[in-house]
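Undergrad: dropping a prediction and its sequence here:
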Amino acid sequence: MSTEKSLSPGAEIERLTRAFEAFTSATSTLEQAYLALQERASALRLELEEKNQLLHESLERQRRLEAEALRQSRLAAMGEMAATLAHEVRNPLGSMELFGSLLMDDLADRPAARHLVSQIAEGIKDLNHLVSNILGFTRSPIPQRKSVDVVAAIEDGLRYTTALLAENRIGIVRHYDEGPVLAAGDPGLIRQVFLNLIRNAVQAMEDEGTLTISATRGGRVAVVFADTGSGISSDQQERIFDPFFTTKERGTGLGLAVVRTLVEAVGGEVTVTGCPGQGACFTVLLRPVEEVSNQAIGIGGAGRAEPAAAPNEHEESVALDADATLALDGARDR
């Protein structure tokens, strides 16, 4: 019988040491591989979460687009109907305003009756303004490219609302830069914007208040209308320019929607700030004249020296007939 040669204690220790080192190395390699797998799994989880988030956002965006498309389709149908009705209503309004002004002349010696007729005339003017807002909202304005005297356009709006301001005891504070404050845009559209903002401020202040209007030059021409009304909450600020959104009991929700539409049509921007109880501040930013080629700009119709035109009678709207317009201008001058 043969017997294996026994190892010496030193050789046995060396063999065990090599085996332990090999085991330690394999364990380290496995540990590193495990850590790498964990990192890869974490990266894949993050990537999956990101993909899921993107998918969720995409689905939400698709739902919003579908809802917006349906809403736009309904608004388009409503707009066509409203434009037709506004066109039919505005023509008799012109005649009613004309005959009212003639009646006021005939009642010059009867102050009480003349006052009643003036109230009717103001109601007709309000209806005419509402019709203009409907037309402005339902139509896509094609703006002219002219140099507009912003201060003159503001003063046009103030003159047109003189009776409304006096009736509601609204004081006006003006802060205008020295010299002409010129912006690039459409004089008729910009006058309509300022008129809507003035009327909105009056309605916000209800009975007595102060409307501060500023016009300044800078990177862009800034026109600010700040009232002392009840203010606008943050939730309302997000929706204040949406069509048909209103905080007033008798409001139509079109005035500020028209403002945004017309301001964007001339390449400008309108924003609102304010807190409940502290009034609201509407800022209209318009392009300076320098941004538009001199060859593409004419002299704006809102010069300081020219007489005030009815701000809502833009050539894109359905205008009163020529004879009625001349007669009405004469009646207003009186």
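TA: Sure, I can see it.
Undergrad: any idea how far A166 is from R110?
TA: Separation of A166 from R110 (C-beta to C-beta, to the nearest Å) stands at 22 Å. Placement of C-beta: from N, CA and C, glycine included.
Undergrad: quick one, strands of the protein?
TA: Counting by DSSP state E, one finds strands in the chain at the ranges 146-149, 170-176, 182-185, 209-216, 221-226, 269-274, 280-286, 298-299.
Undergrad: ok, of those, where does mean pLDDT dip lowest?
TA: Note on the strands of the chain: lowest mean pLDDT is at strand 298-299, with a mean of 43.
Undergrad: shaky segments in the stretch 151-300 of the chain?
TA: When residues are selected by pLDDT under 70, those of the stretch 151-300 of the chain lie in 243-253, 275-277, 291-300.
Undergrad: any chance you could map the helices in it?
TA: In the stretch 151-300 of the chain, the helices defined using DSSP state H, counting those that start in this stretch lie at 162-167, 187-205, 234-239, 255-265.
Undergrad: kindly format the C-alpha coordinates of the longest one as CSV.
TA: What follows is the C-alpha trace of helix 187-205 in CSV, where atoms were taken according to Å, rounded to 0.1, in the frame of the first residue of the first chain:
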residue,chain,number,x,y,z
PRO,A,187,-54.0,103.4,-34.8
GLY,A,188,-57.6,102.1,-34.8
LEU,A,189,-56.7,98.8,-33.1
ILE,A,190,-54.6,100.5,-30.4
ARG,A,191,-57.4,103.1,-29.7
GLN,A,192,-59.8,100.2,-29.3
VAL,A,193,-57.4,98.5,-26.8
PHE,A,194,-57.1,101.7,-24.7
LEU,A,195,-60.9,102.3,-24.8
ASN,A,196,-61.6,98.8,-23.6
LEU,A,197,-59.1,99.1,-20.8
ILE,A,198,-60.5,102.5,-19.7
ARG,A,199,-64.0,101.1,-19.6
ASN,A,200,-62.9,98.0,-17.8
ALA,A,201,-61.2,100.1,-15.1
VAL,A,202,-64.4,102.2,-14.7
GLN,A,203,-66.4,99.0,-14.2
ALA,A,204,-63.9,97.7,-11.7
MET,A,205,-64.1,100.8,-9.5
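Undergrad: distance between it and the chain's centre?
TA: What separates the centre of helix 187-205 from the centre of its chain is 13 Å, taken as C-alpha atoms, centre = their mean, to the nearest Å.
Undergrad: would you mark the buried spots in it?
TA: Buried positions in helix 187-205, judged by neighbour count with 16 or more other C-beta atoms under 10 Å: 187-205.
Undergrad: again with the first one
TA: By neighbour count, with 16+ other C-beta under 10 Å as the criterion, the buried positions of helix 162-167 are L164, L165.
Undergrad: can you name every helix or strand that it contacts?
TA: Where contact means 3 or more C-beta pairs under 8 Å, 6 or more residues apart in numbering; DSSP states H and E, helix 162-167 is packed against helix 187-205.
Undergrad: okay then, goodbye and thanks.
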